[in-house]
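Engineer: With the sequence up front, the predicted model follows.
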Amino acid sequence: MAASSDAALTVFAWGNESRGDDAIGAILASRVIDLGNAAINVVEDHQLNIEHVMDFEDGVPALFIDASVAIDTAYKLEKLSPFGDASISTHSISPSALLELYEQTLGKPAPDAYLLHVRGEEFELGDGISASTKVAVDRAWKFLDELFAGPCESWAEALSSASSGEAT
Amino acid sequence: MTANLETAENREELKRIVIEPVSRVEGHGKVTLLADDDNIIHEVRMHIVEFRGFERFIQGRPYWDVPVVVQRLCGICPVSHHLAAGKAIDRIVGAEKLTPTAKKLRELAHFGQILQSHALHFFHLSSPDLLFGFDADVAQRNIVGVIKAHPDIALQGVKLRKYGQEVIRAICGKRIHGTGAIPGGMNKPLTEKEKNKLLEDIDQITEWAIAAVELSKNYFISNQPLSDTFGSMPTNYMSLVRPDGALELYDGKLRAKNQDGETIFDQVSDQGYHEHIREEVRNWSYMKFPYITDIGPDTGWYRVGPLARVNNCDYIDSPLAEEQRQIFTAHNDAPMQHASLAYHWARMIELLHCAEKIKELLNDPEILGTDLLVRGERRNSSGIGVIEATRGTLFHHYEVDDNDLIKKANLIVSTTNNNQAMNESIRRVAEDHLSGQEITEPLLNNIEVAIRAYDPCLSCATHAVGKMPLSVELRNTRGELLSRLQKNSNGSIE
């Protein structure tokens, strides 16, 4: 985890390694941490929840990574806006709702934020990651690895550009 | 009691209304209602399918791995599973009497867990119903509505939750998959720096907890008779208590009282729980129905959790929470509080208790001790760990083979203990508020409000993007869809 003052990007990744493809977030978080890049602050958790509003850093873009059943492709990068949906449960909150919560409770604009959907299919307790999702994870990782190979000053623009393109 | 609504006599002639997560990931829970042509409801059942596979997930693993791996059963109460499993494994290795520091560190983590979970539930899940009303516009009746109308309350909820998480992180090393409890003790001490950091905020946390008790109490008192009757019924209650009868969350003896406050059993060792509790299987539910053996399945079911704990105990050993408990128990001049919505009030009394106990433990010199581990001889092939988790009594029971592998596991989670009670509550709501009415979203929310009072763990599973958490379908006797309401993953209703 990077020191706060060094961070150029906050990565939020979550999921359960023991529930099949829900492990996507944990796997990619682990790979990002292994990069040892001081400009990336990784926030890994079991589930995204309200207290994560305290993990943003002022002016530092955020990248959320989660398993997704909402896409047909291996992965997709989506630009997020704060949106007051009612997705919160005792167990989760959507990234957009978290951004809205940030703005409303802390009284300042949420940072630029993106959601990296990675396609998951099987989520049974005790199962490992599925074969097709392994491929999707590797493709998503290739995208991230190439992103982080560039200078950190370029990440925000690269994320913005990639989020406006076609799903991969 | 509404047991007559468990199974209708003429099921095939009735319309079926299903409230169900339409998850493409995994089913969690659903409610089915059978109604006749006049929408008179004849059958109500709540099905929870979430807990399939828990035992299978644990079997075959080495026993020392269990306290860590069970945290993956649930992302919202991993510490409760961690500590219950830790207590069970302590028994197996013959090291159940921990050092004072190790026991206090476990208690501190547990108080942090309950504080953050109670705060999240009350401030962000239940407060929209309480602040705006059960039938308020769904666009307002959510956390965003609370943020806009009461930003101070929303922020307090966030900070209380964050504080509890920081307590857990300080003791277990990280917020998820920490390894605080190990067989015979704890694996890391609390540092002076960590203690001082947590002490910095505890007075503010306590102040917010006091305000939360007032909010929940004022809601309850000012909304009678609804708050007394909504989804309510007299029941038995079960919880852990200390030997002197005090509220106990980490390690005590089992006590059960009946609806009149009379003792059913008391000071029962958690190691003998299976002599007093049995589980009934019903063909319409994956989740079992526990009951008190001596009374039987028909009337021996009980409630657990904050309402049971505050009802059952003789006192609370923290002064501010005890003061509030006395007000709570004096309500209606009744021996037990049976109102389901009183769960919220009791929950906030416990929130305050946790804040007080966290401060007490942080100021205890032993909390910084470094004598953390007791070594024993493996002497048992089975181990039982019982804890008062956020939502109620949690049982972990393991049997280990000669190769140190778990050969059998039995978990009775808090929500299972409340299974019959939740069914009874929604039957009361269906009878009082839905029967004879056209199904609408606000009416659907009445069912959810009753379920929410128990703070059940219905959705431990996955939350992948795109999941659709809830729908209600009304079908005729031929299975044809008559009407449908769907709550999308962003909470919107179609």
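Structural biologist: Received, thanks. This is a predicted model, so every value here is computed, not measured. Numbers count the residues shown, from 1 in each chain, chains lettered A, B, ... in the order given.
Engineer: Going by C-alpha atoms from here, please, whenever you check contacts or count neighbours.
Structural biologist: OK.
Engineer: How about the residues of the stretch 151-300 of chain B by chain A?
Structural biologist: B:151-152, B:154-155, B:158-159, B:161-162, B:175-176 (CA under 8 Å from any CA of the partner chain).
Engineer: any chance of the residues you listed in a markdown table, with pLDDT and secondary structure too?
Structural biologist: Shown next, in a markdown table, are those (pLDDT from 0 to 100; DSSP: H, G, I helix; E, B strand; the rest coil):
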| residue | pLDDT | secondary structure |
| --- | --- | --- |
| B:Pro151 | 83 | helix |
| B:Asp152 | 85 | helix |
| B:Ala154 | 83 | helix |
| B:Leu155 | 87 | helix |
| B:Val158 | 87 | helix |
| B:Lys159 | 92 | helix |
| B:Arg161 | 90 | helix |
| B:Lys162 | 91 | helix |
| B:Arg175 | 62 | coil |
| B:Ile176 | 65 | coil |
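Engineer: and the host helix or strand of A:Thr10 with chain B, contact?
Structural biologist: Using DSSP states H and E, A:Thr10 sits in strand A:9-14. No: using CA under 8 Å from any CA, strand A:9-14 never reaches chain B; the gap is at least 9.6 Å.
Engineer: Going by neighbour count, which residues of stretch A:59-78 are buried?
Structural biologist: Buried positions in stretch A:59-78, judged by neighbour count with 16 or more other CA atoms under 10 Å in any protein chain shown: A:60-71, A:74-78.
Engineer: same deal with stretch B:246-264?
Structural biologist: B:246-259, B:261.
Engineer: Which of these fall in strands?
Structural biologist: B:253-257 (DSSP state E).
Engineer: Quick check: of these, which lies closest to B:Lys357?
Structural biologist: Nearest to B:Lys357 among these is B:Lys253, at 19.6 Å by CA to CA.
Engineer: From B:Ile406, how far off is B:Ala95?
Structural biologist: 18 Å (CA to CA, to the nearest Å).
Engineer: I should have written B:Tyr302 there, sorry.
Structural biologist: For B:Tyr302 relative to B:Ile406 (CA to CA), the value is 30 Å.
Engineer: about what we covered before: quick one: residues in contact with the strand holding A:Thr10.
Structural biologist: A:23-26, A:28-29, A:39-48, A:56-57, A:60-66, A:155 (CA atoms under 8 Å, 6 or more residues apart in numbering or on different chains).
Engineer: Reformat the residues of the stretch 151-300 of chain B next to chain A as JSON lines; add neighbour count.
Structural biologist: JSON lines is the format used below for these (neighbours: other CA atoms under 10 Å in any protein chain shown):
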{"residue": "B:Pro151", "neighbour count": "19"}
{"residue": "B:Asp152", "neighbour count": "14"}
{"residue": "B:Ala154", "neighbour count": "24"}
{"residue": "B:Leu155", "neighbour count": "22"}
{"residue": "B:Val158", "neighbour count": "25"}
{"residue": "B:Lys159", "neighbour count": "23"}
{"residue": "B:Arg161", "neighbour count": "26"}
{"residue": "B:Lys162", "neighbour count": "24"}
{"residue": "B:Arg175", "neighbour count": "19"}
{"residue": "B:Ile176", "neighbour count": "22"}
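Engineer: What residues does the residue nearest the centre of chain B make contact with?
Structural biologist: Closest residue to the average C-alpha location of chain B: B:Arg391 at 1.6 Å, with CA atoms, centre = their mean. Residues near B:Arg391 by CA under 8 Å, 6+ apart: B:304-306, B:414-415, B:454-457.
Engineer: now, which of those lie within helices?
Structural biologist: Within the contacts of B:Arg391, residues falling in helices by DSSP state H are B:306, B:414-415.
Engineer: Most neighbours among those residues, please name it.
Structural biologist: The most crowded member of those, judged by other CA atoms under 10 Å in any protein chain shown, is B:Pro306 (29 neighbours).
Engineer: Tell me the confidence at residue 57?
Structural biologist: You didn't pick a chain, so chain A it is. pLDDT recorded at A:Glu57 is 92.
Engineer: right idea, wrong chain: chain B
Structural biologist: For B:Phe57, pLDDT reads 86.
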